[in-house]
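[1] mind looking at a prediction? Sequence and model below.
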Amino acid sequence: MKTSIATVSISGDFQEKLSSIAAAGYDGLEIFENDFLAYDGGPKEVGQMIRDAGLEITLFQPFRDFEGMAEPHRARAFDRAERKFDVMQELGTDLMLICSNTSQAALGGIDRAADDLAELGERAAKRGLRVGYEALAWGRHVNDHRDAWEIVRRVDHPSVGLILDSFHTLARKTDVDTIRSIPKDKIFIVQLADAPLIDMDLLYWSRHFRTMPGQGDLDVTGFMRAVAATGYDGVLSLEIFNDQFRGGSPKSISIDGRRSLLNLMDAVARSEPEIALTPPAMPAPISVSGIEFVEFTADEREAGELTGLFRSLGFSRAGRHVAKDVEVWRQGGINLVINTEKEGFAHSAYLMHGTSVCDIGLKVEDATATVARARALLADLFEQPTGPGELKIPAIRGVGGGVMHFIDDKTELSRVWEIEFKPVADDADAAGAGLTRIDHLAQTMNYEEMLTWTLFYTAIFDTAKMPMVDVIDPAGVVRSQAIESPDAALRLTLNGAENKRTLAGRFVSESFGSSVQHIAFQTEDLLATAGALVGNGFTALEIPANYYGDVEARFGLDPAFVATLRAHNILYDRDEHGEFFQLYSRLYGDGFFFEVVERRGGYRGYGAANAPFRTAAQQRLVRPKGMPRE
Ligand SMILES: O=C(O)c1ccc(O)c(O)c1
Ligand SMILES: [Mg+2]
């Protein structure tokens, strides 16, 4: 399986694009002509640079407004093409993309277009070159791959083929199964892109909002299954026009792209087994059965504050590590680990980010297989020397530099708490507050990094994205993307901050990087839990009276019931499945907090309707009344 990416997909100058594409392990790149024109090196030099980087030039593109022109435009178009053929020969590449004509001057007619392409094919063949014809979704006369294919079929020339681009086909909702009957040898290259579903002009959507496959909402897998069913075994090339990527990190966007192709082809090979393309073998998407632990790094003083907060939430100290300054605090099925070691990964995370979550432990069926899939999808392995009495727990690096460990029931990993920790007697029989499990982890990052995280989680684990929601913070918008496993055993919310003044943005900037900003615990009875928390000295985030007036009116709730919610600062929501109750802690450190939720009757969401009021209440804590904004 050969992978490629268009230079337009990556930020930076030509050299930066080239080195990040090579480092991410692609076989080749498409030269997007403007990237070449903007570079101050001749075509021979550029061709050599690309080959020296170990890459091939899979395509030279785009050549515009070619077919269906009346004279004198027609002759001009051929002259232009010959000039580009010269450049291609110097670059050392043989395939040019002709995108369907968008000019008002273009004349329609399948045979007219076929005649033009036949003549171009003849001219290309004389130089050992080939041309591929692509239907742009907004082409003047040709805007559907079926018409482009009909033209190429009529041309019937070995140097003229079809170029398929998932965006153009899927954006117009063209039936992808029409691809299955195209002879594979007539498909010269396949371009892949996804996009979020937004109702807008096709050209604008395509030029600004494309994403890597799997990061958007289009059925790129269905498209690619149809392509694979033809027996196509040529190059798969990403062509991503995206405003964010143009300003993003060349390295991480390049890796995201390769990860998306590997993940896409893994899914295609599983659902369409009779294919000629052979993606690397890897275990199937990993199903997660729960969050086994969340680990905090802290120094001793802050650890004391943090465990005070744990205690007020009804947690008790359940064990101390046999060899390290590490404790586990437990309630129900929740394990919170606190690490105050003076060396190792947790300590470097502390030096970098301060008190923060540095490690997440997931319960999976097979920890070794989990790491194997993650590695196949370009995640970095995490290893550090194991001390006496410690298990070697399989682990990887997450996107933000944090670590993820994997625990399974297959090996003695399932006994990690017994093996690595000695029980602590001091408060083993504390009553607790009814917290049963982790409902979700909320990770906060800069908005530009969000798609990287989304792809990371959805590619490795058997999870799906929920619709994105905007959370209005008094200082800006925070975009929130939930990712869930099919049975909701794993729920993550990714929160992308667009500026530094939002609660989320300040957290990212003050903790020097993205991390878990809040942990939501579940209880079966939030009113009972709230009562127990008060007894433990827990202080809930204060919610204004105005909110309760609205909730009462909006849902038609009983005033006495609303008064009880208000007395405990409990927020309320409802969906078609059931009801949702939420309570928040005050802020800790750089803006970290806890949430306690009760899902009644199968409520599916996260209380998005309440998020602006919760955020405003939290902002009041950090920005006392009358204080000017920074
Ligand atoms: O937006 C464009 O013009 C454009 C150009 C070349 C392509 O391959 C494409 O898919 C879009
Ligand atoms: Mg294209």
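    The structure has been received and is ready for your questions. Numbering: from 1, shown residues only. Ligands and ions are numbered 1, 2, ... in the order given.

[2] does ligand 1 sit close to stretch 76-89?
    No: Stretch 76-89 does not reach ligand 1 (C-beta under 6 Å from any ligand atom); its nearest approach is 13.9 Å. C-beta here means a position set from N, CA and C on the backbone, and glycine is covered the same way.

[3] what residues does stretch 222-235 touch?
    1-4, 27-28, 58-59, 164, 166, 169-170, 176-184, 187-190, 192, 213, 236, 264-265, 268-269, 271-272, 274-277 (C-beta atoms under 8 Å, 6 or more residues apart in numbering).

[4] mind pulling the model confidence for the residue of the stretch 1-150 of the chain found nearest ligand 1?
    Nearest to ligand 1, among the residues of the stretch 1-150 of the chain, is P62, at 3.7 Å (C-beta to the nearest ligand atom). pLDDT for P62: 97.

[5] enumerate the residues of the stretch 101-250 of the chain near ligand 1.
    For the stretch 101-250 of the chain, the contact set with ligand 1 under C-beta under 6 Å from any ligand atom comprises 134, 136, 165, 191, 206-207, 239.

[6] re the thing from before, and the helix or strand where the residue of the stretch 1-150 of the chain closest to ligand 1 lies, what does it pack onto?
    Using DSSP states H and E, P62 falls within strand 56-63. Under the contact criterion of 3 or more C-beta pairs under 8 Å, 6 or more residues apart in numbering; DSSP states H and E, strand 56-63 touches strand 2-6, strand 28-32, helix 33-37, helix 43-52, helix 73-91, strand 95-99, strand 130-134, strand 235-238.

[7] kindly format the C-alpha coordinates of that strand as CSV.
    C-alpha atoms of strand 56-63 as CSV (Å, rounded to 0.1, in the frame of the first residue of the first chain):
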residue,chain,number,x,y,z
GLU,A,56,8.5,10.0,-5.2
ILE,A,57,6.4,12.6,-6.9
THR,A,58,3.0,10.9,-7.2
LEU,A,59,1.2,13.7,-9.0
PHE,A,60,1.7,17.2,-10.4
GLN,A,61,-1.4,19.3,-10.0
PRO,A,62,-3.8,21.0,-10.7
PHE,A,63,-4.1,21.9,-14.4
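
[8] that older thread, ranking the helices and strands packed on strand 56-63 by burial, who's on top?
    Mean neighbours per residue, mean count of other C-beta atoms under 10 Å, is largest over those for strand 235-238, with a mean of 27.

[9] ok, and what's touching the helix or strand following it?
    Per DSSP H and E, the first helix or strand lying C-terminal to strand 235-238 is helix 243-246. Applying C-beta under 8 Å, 6+ apart, the external contacts of helix 243-246 come out as 9-11, 208-209, 253, 447-448, 451.

[10] for the residue nearest to T539 when sequence neighbours are not counted, list the residues it contacts.
    Nearest non-adjacent residue to T539, counting by C-beta to C-beta, 6 or more residues apart in numbering: R586, 5.6 Å away. R586 makes contact with 539-541, 593, 621 under the criterion C-beta under 8 Å, 6+ apart.

[11] from F594, how far off is R586?
    Distance of R586 to F594, given as C-beta to C-beta, to the nearest Å: 9 Å.

[12] for ligand 1, what's its nearest residue on the stretch 501-630 of the chain.
    Counting by C-beta to the nearest ligand atom, the stretch 501-630 of the chain gets nearest to ligand 1 through S514 (31.9 Å).

[13] how deep is that residue tucked in, by neighbour count?
    Using other C-beta atoms under 10 Å, S514 is surrounded by 27 other residues.

[14] redo the helices and strands packed on strand 56-63 as CSV? Include mean pLDDT and distance to A459.
    Output for those, formatted as CSV (pLDDT from 0 to 100; distance: least, C-beta to C-beta, whole Å):
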stretch, mean pLDDT, distance to A459
strand 2-6, 98, 15
strand 28-32, 97, 22
helix 33-37, 95, 27
helix 43-52, 98, 28
helix 73-91, 98, 33
strand 95-99, 98, 28
strand 130-134, 98, 27
strand 235-238, 98, 15
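
[15] hmm, back to that, out of the contacts of R586, which end up buried?
    For the contacts of R586, a neighbour count by 16 or more other C-beta atoms under 10 Å gives the buried set as 540-541, 593.

[16] top strand in the protein by residue count?
    strand 435-446 (DSSP state E).

[17] list the residues that contact the residue in the stretch 151-300 of the chain positioned nearest to ligand 2.
    In the stretch 151-300 of the chain, the residue that lies nearest ligand 2 is D165 (3.5 Å; C-beta to the ion). By C-beta under 8 Å, 6+ apart, D165 lies in contact with 134, 190-193, 239.

[18] quick check: beta-bridge partners of it?
    Q191 (DSSP bridges).

[19] count the residues that sit near L277.
    L277 has 19 neighbouring residues, counting by other C-beta under 10 Å.

[20] and if you look at the one 10 residues further on?
    Taking other C-beta under 10 Å as the criterion, the count of residues near S287 is 17.

[21] that older thread, distance of the residue of the stretch 151-300 of the chain closest to ligand 2 from D359?
    When D165 is compared with D359 (using C-beta to C-beta), they lie 41 Å apart.

[22] check W417 too.
    Taken as C-beta to C-beta, the span from W417 to D359 is 15 Å.

[23] so which of these two has more stuff around it?
    The residue with more neighbours, out of W417 and D359, is D359; 23 against 17, by other C-beta under 10 Å.

[24] contacting residues around T539?
    The contact partners of T539, by C-beta under 8 Å, 6+ apart, come to 312, 585-586.

[25] do D35 as well
    7-8, 14, 17 are the contacts of D35 under C-beta under 8 Å, 6+ apart.

[26] quick check: domain ranges of the chain?
    2-271, 288-423, 435-622 (automatic domain parsing).
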